[in-house]
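# sharing a model that was predicted from the sequence below.
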Amino acid sequence: MRNLAARPAGSLNRVRPAARIATVKLRTGGLVAVVDDEANIRETVGFVLRKEGFPVETFADGAAAWCAFERQLPGLVVLDIVMPRLDGLELCRRLRRRSESLPILFLSSRDEELDRVLGLEIGADDYLCKPFSMRELVARVRVLFRRAAMLATPPGETETRLVAGALVLDPERYLATLGERRVALTVTEFLMLQALVRHPGHVKTRRQLMEQGYAHDAYVSDRTIDSHIKRLRRKLADADPDWDGIETVYGLGYRLREV
């Protein structure tokens, strides 16, 4: 797979975020909409996804994409944030008003943490930081499609769940519940929490959590891992203010408190 890091730095160092709210039927066939005002990113991402068997439509700005989405939603959106006429955050707000279930993956430069966090809070399902590998992008797209399909399927009797006290994870659907409340997690957050829940009391280093959350040739900083854990704690606390299951082990990493 080709890696965006290998492309000329000047044009690829400005890749950005996206955003989640109601319900519309999504287009079948796994159509991926790539919305980005930088032609080299649109072309590279579109080429790789088509090579992997996904039908792809590309849009050079948010306004053009929204005109198409008003007629019919795609199966998944890969979204930049800073674009002419309509930026990614506003486009995602509009998309979430139409569909709660539409998978949204946004692309972000390392220096855009505020926009990245805002995109997640608005409702993005996941994000990738530049530079990122095409293998990682394809893997994330497959996971988001799989999760969307599983969410549309009634729960089966044989599904495997991970339970840690009141916290329950459904690895097939990438769903987390705490008590009776659903906790909306990105794919990365879910995978990191799953790594902790599988081995309560065991310390997971930041590198181990990085490998769990970014398993396809990606590199992220310790600060990014800490940011994921911070958001995880906040989301779980919103579901149950008394829950404090993720413990920091200073100098090492994190662990789930044994119940």
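Good, I have the coordinates.
# tell me the confidence at the residue lying closest to Ala60 once chain neighbours are set aside?
Residue nearest to Ala60 in three dimensions, not counting chain neighbours: Asp37, with 5.6 Å by Cβ to Cβ, 6 or more residues apart in numbering. For every residue, glycine as well, the C-beta is placed using N, CA and C. Note for Asp37: predicted pLDDT of 90.
# wait, Asp37 touches Asp61, no?
Yes: assessed by Cβ atoms under 8 Å, Asp37 is found in contact with Asp61 at 5.5 Å.
# anything in contact with each of these two?
Taking Cβ atoms under 8 Å, 6 or more residues apart in numbering as the contact rule, Asp37 and Asp61 both touch 83-84.
# give me the number of residues near the residue nearest to Ala60?
Asp37 is flanked by 20 other residues according to other Cβ atoms under 10 Å.
# quick one: low-confidence ranges for this protein?
Along the chain, the model assigns pLDDT under 70 to residues 1-29, 109-117, 119, 151-159, 214-221.
# nearest residue to the middle of it?
Against the mean C-alpha coordinate of the chain, by Cα atoms, centre = their mean, the closest residue is Asp126 at 1.1 Å.
# residues in contact with the residue nearest to Ala60?
So Asp37 contacts 60-61, 80, 82-84 (Cβ under 8 Å, 6+ apart).
# could those residues go into TSV alongside secondary structure and distance to Phe47?
Formatted as TSV, the contacts of Asp37 follow (DSSP: H, G, I helix; E, B strand; the rest coil; distance: Cβ to Cβ, whole Å):
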residue	secondary structure	distance to Phe47
Ala60	coil	16
Asp61	coil	20
Asp80	coil	17
Val82	coil	23
Met83	coil	20
Pro84	coil	23
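# just the buried residues out of the residues you listed, in PyMOL syntax.
PyMOL command restricting these to the buried ones, with burial defined by 16 or more other Cβ atoms under 10 Å:
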select buried, resi 60+61+80+82+83
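# farthest pair in the contacts of Asp37?
Across the contacts of Asp37, no pair lies farther apart than Ala60 and Val82, at 12.9 Å, counting by Cβ to Cβ.
# mind giving me the domain ranges of the protein?
4-151, 162-256 (automatic domain parsing).
# looking at these, which is buried most?
The highest average neighbour count among the domains of the chain, using mean count of other Cβ atoms under 10 Å, belongs to domain 4-151 at a mean of 19.
# tell me the SS of Asp244?
Following DSSP: H, G, I helix; E, B strand; the rest coil, the label given to Asp244 is coil.
# any chance you could map the helices in this protein?
9-12, 39-51, 62-71, 88-98, 113-122, 134-151, 187-198, 206-213, 222-239 (DSSP state H).
# export those to JSON lines and tack on distance to Glu258?
Listed next are the helices of the chain as JSON lines, based on distance: least, Cβ to Cβ, whole Å:
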{"stretch": "helix 9-12", "distance to Glu258": "44"}
{"stretch": "helix 39-51", "distance to Glu258": "42"}
{"stretch": "helix 62-71", "distance to Glu258": "46"}
{"stretch": "helix 88-98", "distance to Glu258": "37"}
{"stretch": "helix 113-122", "distance to Glu258": "29"}
{"stretch": "helix 134-151", "distance to Glu258": "29"}
{"stretch": "helix 187-198", "distance to Glu258": "11"}
{"stretch": "helix 206-213", "distance to Glu258": "18"}
{"stretch": "helix 222-239", "distance to Glu258": "16"}
